[in-house]
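Participant: Need coordinates for the following:
(3 chains)
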Amino acid sequence: MSENLIKPENLVYKKTDVLTDRIMHYCPGCGHGTAHRMLAEVIDELGIQNETIGVAPVGCSVLAYYYFNVDMQEAAHGRAPAVATGIKRVFPEKYVFTYQGDGDLAAIGTAETIHACNRGENILIVFVNNGIYGMTGGQMAPTTLEGMKSSTSPFGRDVKTMGAPLKITELIAQLPGTYFVTRQAVHKPANVRKAKRALKKAMEYQKLNKGTCFVEIVSNCPSNWKMTPAQSNKWMEENMFPYYPLGDIKVPEEK
Amino acid sequence: MTEEIIIAGFGGQGVLSMGQILCYSGVMQEKEVSWMPSYGPEMRGGTANCTAIISDEQISSPVLTKYDTAIVLNQPSMDKFEDAVKPGGLLIYERNGMTRKPRRTDINIASIGAYDASVKMNNTKVFNMIVIGGFLKIRPILEMENVIRGLEKVLPERYHHLIPLNEEAIRKGMEIIDFEHKLN
Amino acid sequence: MKELRLMKGNEALAEAAIRAGADAYFGYPITPQSEVIEYLMANRPEDRTGMVVLQAESEIAAINMIYGAAGCGKKAITSSSSPGISLKQEGLSYIAGAELPCVVVNVVRGGPGLGTIQPSQSDYFQSVKGGGHGDYKLIVLAPNSVQEIVDFTKLAFELAFKYRNPVMIQSDGIIGQMMEKVELYEQMQRTENDYDWATTGRKEGKSATFVTSLQLQAEEQEKVNLKLQAKYREIEKNEVLFEQHLCDDAEYLLTAFGSCARITRKAMEMAREKGIKVGLLRPQTLYPFPVEAFNKIAPQLKGILCVEMNAGQMVEDVKLAVNGKTKVEHFGRFGGMIPSPDEILNALEQKIIGG
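Facilitator: Numbering: from 1, shown residues only, chains lettered A, B, ... in the order given. Next comes the predicted model:
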């Protein structure tokens, strides 16, 4: 359709074929859509669409296999790194990624996350951290900030009884099995470009067989934070970024 | 022919491998065989036992409560398995370390000083092979050549140079076993 | 020339998996089945066939690695023992729901809880009735010898791929730990097929493949269930396996599965020596259950004794199968205890003949 309306020479942006035409179910203003697009563009630019196998989690991105036009498997809650291990071990030459949220990766799937990274599985783990359980309706996540309200911490997270928010990415970076660990955001164009560069590096590194690459994307959840998208981005900058500072945490040593 | 054997003793006496050697020798002689270990807490020290069955026919149960032969290498094993020998069956025991003699009168009883003999051979590791020799003397169910072929299968290749020593131990056991009570 | 070896059930299973052309084994150690992964690690199947062997961080991770490899269309196998199999139930439900082929071995030990490490058959319900959530079935094979564990490993892969369904081999501490003579088959090929349902990388010009057990709409999920049920009816029609011994003139029937059937056979031999006309029916598939075989023999019988190393599980399926046509009683030892042939004969005389 768009081809009819816009002359090819005037086309400034075209959706990558690595995303399907299916309408995404994500809430308006949510970072998942942008994160999906960046990952899909990376796969497109590297020309590895037919050599990539992804793993979708349980959480908001449970239906990611509808949106990525690459072969994908839907994993049980928290088990994506184990499923990805199974895939990568039988197909060591393929590009394998998981796309997981904070509850999936840092609560129920902590063991699978840590051990896949500790074995240095040559996979890319994309970790979208919005500090809340989105799909199930705004319950407390392992990454929910201190004092932050959720449906299971209605008076705010009390670290005395609920523990402190888990910086799993810093934890992961300690493991010898990880090769590249970084924390990014996708709420502003500059951040989007940086995040995409990080995802591209992380995906390319798979060819080197040097270990697990781990890209955290700090994101927002307007619906469950009960804010407008703009408010949520501001809140994220003011509250999430101080606790989860952006930037590379572990970078490959230059030779 | 069916020979249902229980072998019992302390862990480290070579109880489990005795059963395996008998069974592998049985395979070499084209017999049906079955070997079932006691496993569990026993294998972490303490007593160990295994059931070895060698038969011309298909073996039904690999686990038994009554045996044709019990080979007991310590007192707790004798206490446990003396009564499990079928009437008319055979009990073989190692003399070293026993505090009492068997009480049964309806079974054949033989004893062997395999430990002392192994010390004299300067190799206590062949203790269990001496016992096997004693057993095969009384129940000649397996040919020596098949026992040697069985040993070749059970032992890793790097130990194959020890096979002549094991054969010597088997022959020693055949020499030194004595009946204490013989039916008929 | 056929290759005869004396092998432990657990080791024979591991060797059989390599020779059946398995692509991957993922597992976690637990008594009494740790010899499986120990054997695989020592025998370097990676060098022999390219088969992948990995010790996972848990049984949960292991079954999900199986899901990943099976989703790629590969022959994947895992093994564990009862408490570990409980942990795998989530994964098994997902694998059944996503219709993936795989082989899972349960070397059953006594429960509940941490229980004991001694042999048991108390996971019959869990295996046969669906231990995880949802309406699904595993094909369940019950070997009674080391040879059968080898033969069933090959069969399990065949059935798993024929029906795209998880297959469980129900072993136990006796079968796993005992040594018997075994004839091994020649090395078979690893998977070369590129199945259209598997994630092997998108084909140019085609839409991508995905493996999932999720349907957001109930109507769609019902369709999935109806398809699964139709598959299970096919399995029930085609894949029943059982063995009968001395059943032609039998007035009484003993029935048992796995290692317990070996002990029960000894009891049958003892009963025959006493002149009791008793036969033995041994289901080799626990699901699909040999319903017709029981149905057919029931009218000639004065009673059936179902012998199990549990408190009475398969006996329910025997009762359903004979549907009141003859008396059915259960005799069991449990918690890791093994019944003796004498006890079984005694139970037959007390509960069935004299009862």
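
Participant: C-alpha from now on. contacts and neighbour counts both.
Facilitator: Noted.

Participant: Can you dump the C-alpha atoms of the host helix or strand of residue A:118 in PDB for me?
Facilitator: Per DSSP states H and E, residue A:118 falls inside helix A:110-119. Presented in PDB, the C-alpha positions along helix A:110-119 are these (Å, rounded to 0.1, in the frame of the first residue of the first chain):
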ATOM      1  CA  THR A 110      17.600 -17.100  37.600                       C
ATOM      2  CA  ALA A 111      19.300 -20.500  37.700                       C
ATOM      3  CA  GLU A 112      18.900 -21.000  34.000                       C
ATOM      4  CA  THR A 113      20.300 -17.500  33.300                       C
ATOM      5  CA  ILE A 114      23.300 -17.800  35.600                       C
ATOM      6  CA  HIS A 115      24.200 -21.300  34.400                       C
ATOM      7  CA  ALA A 116      23.800 -20.600  30.700                       C
ATOM      8  CA  CYS A 117      26.100 -17.600  31.200                       C
ATOM      9  CA  ASN A 118      28.500 -19.500  33.400                       C
ATOM     10  CA  ARG A 119      28.900 -22.200  30.700                       C
END
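
Participant: hmm, that helix touching chain C?
Facilitator: Yes: Helix A:110-119 reaches chain C (Cα under 8 Å from any Cα of the partner chain) through A:111, A:112, A:115.

Participant: mind checking pLDDT for the last one?
Facilitator: Per-residue confidence (pLDDT) for residue A:115: 98.

Participant: next one: the first one
Facilitator: Residue A:111 carries a pLDDT value of 98.

Participant: do you know how far it is from chain B?
Facilitator: Noted for residue A:111: a distance of 29 Å to chain B, by Cα to the nearest Cα, to the nearest Å.

Participant: before we move on, what about the second one?
Facilitator: When Cα to the nearest Cα is the yardstick, residue A:112 and chain B sit 30 Å from each other.

Participant: who touches that residue in this structure?
Facilitator: Residue A:112 sits next to A:78, A:79, A:80, A:81, A:82, C:57, C:61 when contact means Cα atoms under 8 Å, 6 or more residues apart in numbering or on different chains.

Participant: Go again with 10 Å.
Facilitator: Residues near residue A:112 by Cα atoms under 10 Å, 6 or more residues apart in numbering or on different chains: A:78-83, A:85, A:105-106, A:118, C:56-58, C:60-62, C:64.

Participant: In helices, which of those residues appear?
Facilitator: Of these, the ones assigned to helices by DSSP state H are A:80, A:81, A:82, A:83, A:85, A:118, C:60, C:61, C:62, C:64.

Participant: And the strands in chain B?
Facilitator: Counting by DSSP state E, one finds strands in chain B at the ranges B:2-10, B:32-37, B:47-55, B:67-72, B:85-94, B:108-112, B:178-181.

Participant: List phi and psi for whatever residue of the stretch 151-255 of chain A ends up closest to chain C.
Facilitator: Nearest residue of the stretch 151-255 of chain A to chain C: residue A:177, at 14.7 Å (Cα to the nearest Cα). Phi and psi for residue A:177, reported as degrees, to the nearest 10, are phi -70, psi -20.

Participant: Near chain C, which residues of chain B are found?
Facilitator: B:19-20, B:23-28, B:30-41, B:50-53, B:59-66, B:150, B:153-154 (Cα under 10 Å from any Cα of the partner chain).

Participant: Report the buried members of these.
Facilitator: B:19-20, B:23-28, B:31-39, B:50-53, B:59-64, B:66, B:150, B:153-154 (16 or more other Cα atoms under 10 Å in any protein chain shown).

Participant: Pretty sure residue B:79 sits against residue B:72.
Facilitator: Yes: using Cα atoms under 10 Å, residue B:79 is in contact with residue B:72, at 9.2 Å.

Participant: Tell me which of those two has more neighbours.
Facilitator: A count of neighbours by other Cα atoms under 10 Å in any protein chain shown puts residue B:72 above the other of residue B:79 and residue B:72, at 28 against 13.

Participant: Residue A:149: what's its closest spatial neighbour, skipping adjacent residues?
Facilitator: Computed as Cα to Cα, 6 or more residues apart in numbering or on different chains, the closest residue to residue A:149 that is not its neighbour in sequence is residue A:156, at 4.1 Å.

Participant: residue ranges for the helices of chain B, please.
Facilitator: Using DSSP H, helices in chain B cover B:15-28, B:75-81, B:114-120, B:127-138, B:144-154, B:163-176.

Participant: what helices or strands is the second one leaning on?
Facilitator: With contacts taken as 3 or more Cα pairs under 10 Å, 6 or more residues apart in numbering or on different chains; DSSP states H and E, helix B:75-81 sits against strand B:2-10, strand B:47-55, strand B:67-72, strand B:85-94.

Participant: ok, now the last one?
Facilitator: On a contact count with 3+ Cα pairs under 10 Å, 6+ apart, helix B:163-176 meets strand B:108-112, helix B:114-120, helix B:127-138, helix B:144-154.

Participant: run the last query once more with 7 Å
Facilitator: Applying 3 or more Cα pairs under 7 Å, 6 or more residues apart in numbering or on different chains; DSSP states H and E, one finds that helix B:163-176 contacts helix B:127-138.

Participant: next one: the third one
Facilitator: Counting contacts by 3+ Cα pairs under 7 Å, 6+ apart, helix B:114-120 is packed against helix B:127-138.

Participant: on that earlier part again, quick one: which of the helices and strands packed on helix B:75-81 is nearest chain A?
Facilitator: strand B:47-55 (37.4 Å).

Participant: Give me the sheet partners of that closest one and which way each runs.
Facilitator: Within its sheet, strand B:47-55 is paired with strand B:2-10 (antiparallel), strand B:32-37 (antiparallel), according to DSSP bridges.

Participant: now these in JSON lines, with mean pLDDT?
Facilitator: Formatted as JSON lines, the strands paired with strand B:47-55 follow (pLDDT from 0 to 100):
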{"stretch": "strand B:2-10", "mean pLDDT": "96"}
{"stretch": "strand B:32-37", "mean pLDDT": "96"}
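
Participant: quick one: which of those is nearest residue C:277?
Facilitator: Checking the strands paired with strand B:47-55 against residue C:277 by Cα to Cα gives strand B:2-10 as the closest, at 23.9 Å.

Participant: got the CA positions of that closest one in PDB?
Facilitator: Taking Å, rounded to 0.1, in the frame of the first residue of the first chain, the C-alpha atoms of strand B:2-10 are listed here in PDB:
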ATOM      1  CA  THR B   2      21.000 -73.000  37.400                       C
ATOM      2  CA  GLU B   3      23.200 -71.700  40.100                       C
ATOM      3  CA  GLU B   4      21.900 -68.900  42.200                       C
ATOM      4  CA  ILE B   5      24.600 -67.300  44.300                       C
ATOM      5  CA  ILE B   6      24.800 -64.500  46.900                       C
ATOM      6  CA  ILE B   7      28.200 -63.000  47.600                       C
ATOM      7  CA  ALA B   8      28.500 -60.800  50.600                       C
ATOM      8  CA  GLY B   9      31.200 -59.100  52.600                       C
ATOM      9  CA  PHE B  10      32.800 -55.700  53.400                       C
END
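
Participant: That concludes my questions; thank you for your assistance.
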